[in-house]
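Participant: Okay, here's the prediction I keep looking at, along with the sequence it came from:
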Amino acid sequence: MLDNPDDSGRVNLPKGEYEGKFIVRKSCKINGNGALLWNNSGPVLVVDAENVELDNLKIELTNSNLSPEQYISVYCRYGDTKFTDVEVNGTVLGIKDEEQFWGVPRVVDIGTFEAEKTHAYIIEIYSPVEAEISCNFHDVTLSVDTLVQGYNTITVNIGKIRSGSMLYGNIIIKSLVERRIILCGTAGDKNTLDEGTVLFAVNREAPVQYSEMLKNLDLVQLATMPEPEPETIEIQQEEPEETSEELDEENVLIAPGKRLPIAPKQYKIELVGEPDIKMDIDAYLFMLDNRGRVSADKRMIFFGNDHSECGSVTYLNAPDKRVMYIDFRRIPGDVNMMTLLFSIYGKNPTHLFDKLRNGDVSILCENGVHMHLPLPGNIHCKTLLAVAFECTDGIWEMIPSGKGITMPLEDICKSYGVTIVS
């Protein structure tokens, strides 16, 4: 598509996620429609033509352990490339001023902060140009809305937030392109960090070192540099006995129906309780596209398929537990929603979820936050909708349910486009 613009010189990319590297060799306007271009190392996109416009694109490097020479999102061989609504997380090389050093963190994790109190923390950012800075969520304000050229000290003010609430949102820096900082934390009983803590500081030698690197950058060598090994994330198959001791675990009660933005981390989800009778309970997770359909066999995860093809979801089906592990850093871009069900196997009419005393959907995040969705005792059904997840503009939200479903499991599967073969 990049090699074949239409008669008007446009390239319309379908919204989705595409692995690079990519080269634009013809003058054109690329309408990204929110598409994500990514690669393990840079440059992800090389613009090797004049009069190129990039519109509504996200360009991402998925490996955080890159040298400055490889931390390049876009390389423009000509200086006239135009950008509109383009988000990057690496260097834009070949554009005057913009290609200089940016001291911007990817993620800032406050940890736990005391609920119902105001807090202030510090972020330091280095910007080579003047830029706008803003945040997109309630209860958080920034001390400035404009970055000056050079070092900027910014106070992040957090308002009074109710205990158990998860703070998750974006700080957006906008110059010629946009850069995103994810800010997250949890309101609780204590502070992980002292008031006024500097959450991110810039190495004072980095801007000079980066300028020297640019002067000596060998673009031919860059083009032939071998790809680094992709970062791998180990998915825990079994929970070690000492896990609860290693984590500074904080328990949070969540209510059904209330949407909660969640951090891009790994979550362990299981159903716990004390059954009055012996029942065989299985878990089912459906990874859905924008039509609400399961688009591939490996996107229904259950006892017959214990992991997704992308590796983002793994199911531990052990004799004493049924656990789903979901890593939200690895969910494919065309998955917009996921639903997690628990269903009682067999046709015995007495085997219902009302036989499960002290039922609880346990959701443990790798950062130690342990969320609990207590179940009511009157679920006279064989199938339970535990929780759903929905992605909007790249941000995942959790929608707790804990409600029984009277529809047979086979019909639920059919509603998601899955045909059950008996």
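Facilitator: Yes, it's here.

Participant: Excluding residues flanking it in the chain, which one is nearest residue 41?
Facilitator: residue 70 (4.3 Å; Cβ to Cβ, 6 or more residues apart in numbering). Glycine gets a C-beta too; all of them are placed from N, C-alpha and C.

Participant: same check, this time on residue 17
Facilitator: In space, residue 17 is closest to residue 333, 2.8 Å off (Cβ to Cβ, 6+ apart).

Participant: that's a helix at the one you found, yeah?
Facilitator: No. Looking at residue 333 with DSSP: H, G, I helix; E, B strand; the rest coil, it is coil, so not inside a helix.

Participant: Could you give the number of residues near residue 259?
Facilitator: Using other Cβ atoms under 10 Å, residue 259 is surrounded by 12 other residues.

Participant: still on that earlier bit, the residue nearest to residue 17 against residue 16, yeah?
Facilitator: Yes. Using Cβ atoms under 8 Å, residue 333 is in contact with residue 16, at 5.8 Å.

Participant: any shared contact partners between those two?
Facilitator: Listed as contacting both residue 333 and residue 16 by Cβ atoms under 8 Å, 6 or more residues apart in numbering are residue 36.

Participant: tell me the mean pLDDT for stretch 343-355?
Facilitator: In this model, stretch 343-355 has a mean pLDDT of 86.

Participant: returning to what we had before: any idea of the pLDDT on the residue nearest to residue 17?
Facilitator: On the pLDDT scale, residue 333 gets 88.

Participant: What of the one 3 residues further on?
Facilitator: You'll see residue 336 listed with a pLDDT of 89.

Participant: again, but for residue 3
Facilitator: For residue 3, pLDDT reads 93.

Participant: The one 3 residues further on now?
Facilitator: Predicted confidence (pLDDT) for residue 6: 94.

Participant: Determine which residue lies closest to the centroid of the protein.
Facilitator: Nearest to the geometric centre of the chain sits residue 264, at 3.8 Å (Cα atoms, centre = their mean).

Participant: Please give me every residue in contact with residue 176.
Facilitator: 83, 92, 95, 98, 129.

Participant: Let me know how buried the second one is, in neighbour terms.
Facilitator: As a burial measure, residue 92 scores 27 neighbours (other Cβ under 10 Å).

Participant: Dump whichever strand or helix holds residue 325 to PDB, keeping only the CA atoms.
Facilitator: Assigned by DSSP states H and E, residue 325 belongs to strand 321-327. C-alpha atoms of strand 321-327 as PDB (Å, rounded to 0.1, in the frame of the first residue of the first chain):
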ATOM      1  CA  LYS A 321      -7.300 -24.200  40.500                       C
ATOM      2  CA  ARG A 322      -8.300 -22.500  37.300                       C
ATOM      3  CA  VAL A 323      -6.200 -19.400  36.600                       C
ATOM      4  CA  MET A 324      -6.100 -17.000  33.600                       C
ATOM      5  CA  TYR A 325      -2.900 -15.000  33.200                       C
ATOM      6  CA  ILE A 326      -3.400 -11.900  31.000                       C
ATOM      7  CA  ASP A 327      -0.500  -9.700  29.900                       C
END
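
Participant: what comes up buried for stretch 101-119?
Facilitator: Buried residues in stretch 101-119, counting neighbours by 16 or more other Cβ atoms under 10 Å, are found at 101-105, 108-115, 119.

Participant: Could I get those in a markdown table, plus columns for distance to residue 206 and secondary structure?
Facilitator: What follows is those, written out as a markdown table (distance: Cβ to Cβ, whole Å; DSSP: H, G, I helix; E, B strand; the rest coil):
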| residue | distance to residue 206 | secondary structure |
| --- | --- | --- |
| 101 | 6 | coil |
| 102 | 10 | coil |
| 103 | 6 | strand |
| 104 | 11 | coil |
| 105 | 13 | coil |
| 108 | 18 | strand |
| 109 | 21 | strand |
| 110 | 24 | strand |
| 111 | 25 | strand |
| 112 | 30 | strand |
| 113 | 29 | strand |
| 114 | 33 | strand |
| 115 | 36 | coil |
| 119 | 28 | strand |
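
Participant: Identify the farthest-apart pair in these.
Facilitator: 101 and 115 (37.8 Å; Cβ to Cβ).

Participant: in the stretch 201-350 of the chain, what spans have low per-residue confidence?
Facilitator: Applying pLDDT under 70 to the stretch 201-350 of the chain flags residues 219-250, 319.

Participant: No further queries at this time; thank you.
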